[in-house]
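Visitor: only the shape, not the letters, is given here:
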């Protein structure tokens, strides 16, 4: 940026030294103000709206209660009550055996059982009760 009134085609020798210094100072001041504005804009936190919380659970009916399991827990639960081992479950759902154990321990807590055998018994008792209640409805309606 050249000082006002200075011929843009003039050689450096023709421009008075005071004008060059003043012009350079103005450029430095303008640049530093722009940098400060940029720094302030960068420092401002950007407020992004939070996405709505989507409840990603599945309800499982038991004799005594309804239990909410996550989708992962539900997949593992269904495979466990079919009699698959942790290793077999892991290969089906693409998880390590340790992750399967973790999910199963959470399923046990939510279903209020201590082990896989109790989980299987509870599952099939609830299925049996459901089948019997449907049969009774059919008999009463007929």
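Guide: Right, received. Where do you want to start? Worth saying up front: this structure is predicted, and the values here are computed from it rather than measured. Residues are numbered from 1 along each chain as shown.

Visitor: domains for the protein, by residue range?
Guide: 1-48, 57-141 (automatic domain parsing).

Visitor: mean pLDDT lowest where, among those domains?
Guide: Across these, domain 1-48 has the smallest mean pLDDT, namely a mean of 55.

Visitor: quick one, helices of the protein?
Guide: When assigned using DSSP state H, the helices of the chain occupy the ranges 17-43, 71-81, 86-93, 97-111, 116-141.

Visitor: how many neighbouring residues does residue 84 have?
Guide: Residue 84 sits with 16 neighbouring residues when counted by other C-beta atoms under 10 Å. Using the backbone N, CA and C atoms, a C-beta is placed for each residue, glycine as well.

Visitor: sorry, wrong one. I was asking about residue 76.
Guide: The burial count assigned to residue 76 is 27, neighbours taken as other C-beta under 10 Å.

Visitor: check residue 83 too.
Guide: Residues near residue 83, counting by other C-beta under 10 Å, number 9.

Visitor: give the contact list for it.
Guide: Going by C-beta atoms under 8 Å, 6 or more residues apart in numbering, residue 83 touches residue 120.
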